[in-house]
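A.B. asks: Pasting a predicted model and its sequence here:
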Amino acid sequence: MERILIKDILSDAYLGKPVTVCGWVRSKRESKGFAFLVLSDGSTQETLQLVINSGAPGFQQLLHCNTGAAILAKGILKESPAKGQKFEMEVSELEVFGEADPEKYPLQKKGHTLEFLREIAHLRPRTNTFGAVFRLRNILASAVHEFFQDRGFVWVHTPVITSSDCEGAGELFSVTSFDLENPPGKDDGGIDFSQDFFGRRAFLTVSGQLEAEFLAMSLGNVYTFGPTFRAENSNTTRHLSEFWMIEPEMAFADLKDDMRLAEDFFRFLCRKALEKGEKELSFLENHYKRISPEELRKLADTSFVHMSYTDAIKELQGAKERFEFPVEWGSDLQSEHERYLTDKVIKGPVIVFDYPKDIKAFYMRLNDDGRTVAAMDMLVPKIGEIIGGSQREERLSVLEERLRHSGIPVEHLQWYLDLRRFGSAPHAGFGLGFERLVQYITGMVNIRDVIPCPRAPREIGF
């Protein structure tokens, strides 16, 4: 079967030549002496029209070529006389691999809500919308590796199962081999995890950062790109329980280096989306009108404004808008505050830096003022935070004090402290939630629409 992808076949190179295509029928229309099939194979936003003459050997197969059917077609590629398409295929042979009952197939030629399509996540990639989203996801994933590999970063694979909570948030999924109906107990009534598979409590990771740090302390510049998990009971349009994280870590780097890398990275991703996903972006703009290629092009060419947290608080306190959450120095910025800064104050992207130490993680480097840490958040229009990072605390005594202040037991983090005992060096990194990125680039409102099988509270189908 010498199949040619539709994305490749739609060119003058195949005009007048015999070709073979495979795909799924989007629609079927019959008229006197002819039938027309619209075929998609997932390789492109475009479809291919198949024209079948009533005298063609495959004409009798049309009975089985309903919307959703998987077929193979052989024929000649020709210029199309119809408007809206340059090419069509005159079919000589038609083979049906799998039929689709028109009474039961849920994706008929009509509009479907995104909420309905979430209920049939196993079929929604066949729609124009989700074909576009998942192709753009692929473009962006490839661009992540291209960016870091071209800059000499080493891709490292950090564990999915861990004993540490990087953020100290406590919202983790437990991993155990116990019989949950009869776990071994301790005298105080608790569970004896010393008898568990790993001999201690284990969790699904919330971040690969801590492991990336020790790899950076040997390899120089590294990055992770893998799944992470949060057991937050958040039913919002911006949260998932399983998502992919990109986390670069750089040795011999400070916060300025970190911010520079984050800017370059984000601009590069915007450019790659425009370069390789033009048709998908245009389709999503036309149908959902959330973000335009022009906006992405502007982001790709714009330098980010840098603003300290203290100055950001002053801007917010001077705002005429009423916020749901109060604004005061020492409190974390909420999404409404972040969007106000990007959309109203800066009218573009901004990096906020030097946050209060009490609202940031223990590993962030304490600034000389003793009140703030060398942390930064990248904020973009419409959604707010998209990247968060920091210079890491490389001083042993300061890190130990930060751990004590945070109430985090140090017995299982001695290896992390060893990095400060043996050849400690300044280092920095950031994290980017990949689905947040895809959500922003595609303009999809709900983050569950940018991952094939969304995992969220009470949602684990497919």
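C.D. replies: Done, it's in.
A.B. asks: CA atoms for contacts and neighbours, from now on please.
C.D. replies: Fine.
A.B. asks: Name the surrounding residues that touch stretch 358-369.
C.D. replies: The contact list for stretch 358-369 (Cα atoms under 8 Å, 6 or more residues apart in numbering) reads 167-168, 330-332, 354, 357, 372-375, 390-394, 398-399, 402-403, 406.
A.B. asks: Among these, name the ones in strands.
C.D. replies: Using DSSP state E, 354, 372, 373, 374, 375, 390, 391 are the members of the contacts of stretch 358-369 that sit in strands.
A.B. asks: Return the list of helices and strands in contact with the lengthiest strand in the chain.
C.D. replies: Longest strand in the chain, counting residues (DSSP E): strand 18-31. Applying 3 or more Cα pairs under 8 Å, 6 or more residues apart in numbering; DSSP states H and E, we find strand 18-31 packed against strand 34-40, strand 70-79.
A.B. asks: relative to strand 70-79, how tilted is the shortest one?
C.D. replies: Yep, that's strand 34-40 we're talking about. 110 degrees (axes from the mean of the first three to the mean of the last three Cα atoms, to 10 degrees).
A.B. asks: So what touches strand 34-40?
C.D. replies: Contacting residues not belonging to strand 34-40 are listed as 6, 23-30, 46-54 [Cα under 8 Å, 6+ apart].
A.B. asks: List buried members of those by neighbour count.
C.D. replies: The neighbour-count test (16 or more other Cα atoms under 10 Å) marks 6, 23-28, 46-53 as buried among these.
A.B. asks: Most widely separated two among those residues?
C.D. replies: The distance between the two most remote of the buried ones among the contacts of strand 34-40 (Cα to Cα) is 23.0 Å, for 46 and 53.
A.B. asks: if I look at residue 401, how far off is residue 35?
C.D. replies: 76 Å (Cα to Cα, to the nearest Å).
A.B. asks: Tell me which of the two has more neighbours.
C.D. replies: Per other Cα atoms under 10 Å, whichever of residue 401 and residue 35 has more neighbours is residue 35, with 16 against 12.
A.B. asks: buried subset of the contacts of stretch 358-369?
C.D. replies: Judged by 16+ other Cα under 10 Å, buried ones among the contacts of stretch 358-369: 167, 330, 332, 354, 357, 372-375, 390-394, 399, 402-403.
A.B. asks: Residue 13: which of the ones in strands among the contacts of stretch 358-369 is nearest?
C.D. replies: When these are compared for distance to residue 13 (Cα to Cα), residue 390 wins out at 51.1 Å.
A.B. asks: doesn't residue 430 make contact with the closest one?
C.D. replies: Yes. Counting by Cα atoms under 8 Å, residue 390 touches residue 430, with 6.3 Å between them.
A.B. asks: For these two, list the residues in contact with both.
C.D. replies: Contacts common to residue 390 and residue 430, judged by Cα under 8 Å, 6+ apart, are residue 258.
A.B. asks: most remote residue from the chain's center?
C.D. replies: Most distant from the centre of the chain: residue 55, at 48.9 Å, with distances by Cα atoms, centre = their mean.
A.B. asks: what's the helix or strand for that residue?
C.D. replies: In this assignment (DSSP states H and E), residue 55 forms part of neither any helix nor any strand.
A.B. asks: roughly how far apart are the residue nearest to residue 171 when sequence neighbours are not counted and residue 240?
C.D. replies: Nearest residue to residue 171, sequence neighbours excluded (Cα to Cα, 6 or more residues apart in numbering): residue 231, at 4.9 Å. Distance from residue 231 to residue 240, counting by Cα to Cα: 9 Å.
A.B. asks: do residue 458 as well
C.D. replies: In this view, residue 458 and residue 240 are 11 Å apart by Cα to Cα.
A.B. asks: all helices of this structure, in order?
C.D. replies: 6-9, 114-119, 128-150, 209-219, 255-276, 278-288, 293-301, 309-317, 335-340, 396-406, 414-421, 434-442 (DSSP state H).
A.B. asks: looking at these, which is buried most?
C.D. replies: helix 434-442 (a mean of 24; mean count of other Cα atoms under 10 Å).
A.B. asks: what does it contact?
C.D. replies: Helix 434-442 is contacted from outside by 133, 136-137, 140, 238, 243-246, 270, 273, 281, 284, 291, 296, 383, 386, 445-447, 449-451, using Cα under 8 Å, 6+ apart.
A.B. asks: so for it, what's the average pLDDT?
C.D. replies: Helix 434-442 carries an average pLDDT of 96.
A.B. asks: what's the spacing between that helix and its chain's center?
C.D. replies: 5 Å (Cα atoms, centre = their mean, to the nearest Å).
A.B. asks: Need the CA coordinates for that helix. PDB is fine.
C.D. replies: Extracted in PDB, the C-alpha atoms of helix 434-442 (Å, rounded to 0.1, in the frame of the first residue of the first chain):
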ATOM      1  CA  PHE A 434       3.000  22.500  28.300                       C
ATOM      2  CA  GLU A 435      -0.800  22.400  28.200                       C
ATOM      3  CA  ARG A 436      -0.900  26.000  29.300                       C
ATOM      4  CA  LEU A 437       1.300  26.900  26.400                       C
ATOM      5  CA  VAL A 438      -0.800  24.900  23.900                       C
ATOM      6  CA  GLN A 439      -4.000  26.500  25.400                       C
ATOM      7  CA  TYR A 440      -2.500  29.900  24.800                       C
ATOM      8  CA  ILE A 441      -1.300  29.300  21.300                       C
ATOM      9  CA  THR A 442      -4.500  27.700  20.100                       C
END
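A.B. asks: Just want the angle from that helix to helix 278-288.
C.D. replies: Using the same axes, to 10 degrees: helix 434-442 against helix 278-288 is 80 degrees.
A.B. asks: Could you find the closest non-adjacent residue to residue 339?
C.D. replies: residue 384 (5.1 Å).
A.B. asks: what's the distance between that neighbour and residue 341?
C.D. replies: 8 Å.
A.B. asks: now do residue 179
C.D. replies: 50 Å.
A.B. asks: Equivalent analysis for residue 15, please.
C.D. replies: 53 Å.
A.B. asks: more crowded one of these two?
C.D. replies: More crowded of residue 15 and residue 341, by other Cα under 10 Å: residue 341, with 26 against 17.
A.B. asks: need the contact list for the more buried one.
C.D. replies: Residue 341 makes contact with 312, 315, 316, 347, 350 under the criterion Cα under 8 Å, 6+ apart.
A.B. asks: residues contacting the nearest residue to residue 396 once chain neighbours are set aside?
C.D. replies: Of all residues not flanking residue 396 in the chain, residue 420 sits nearest, at 5.2 Å (Cα to Cα, 6+ apart). Contact partners of residue 420, counting by Cα under 8 Å, 6+ apart, are 394, 395, 396.
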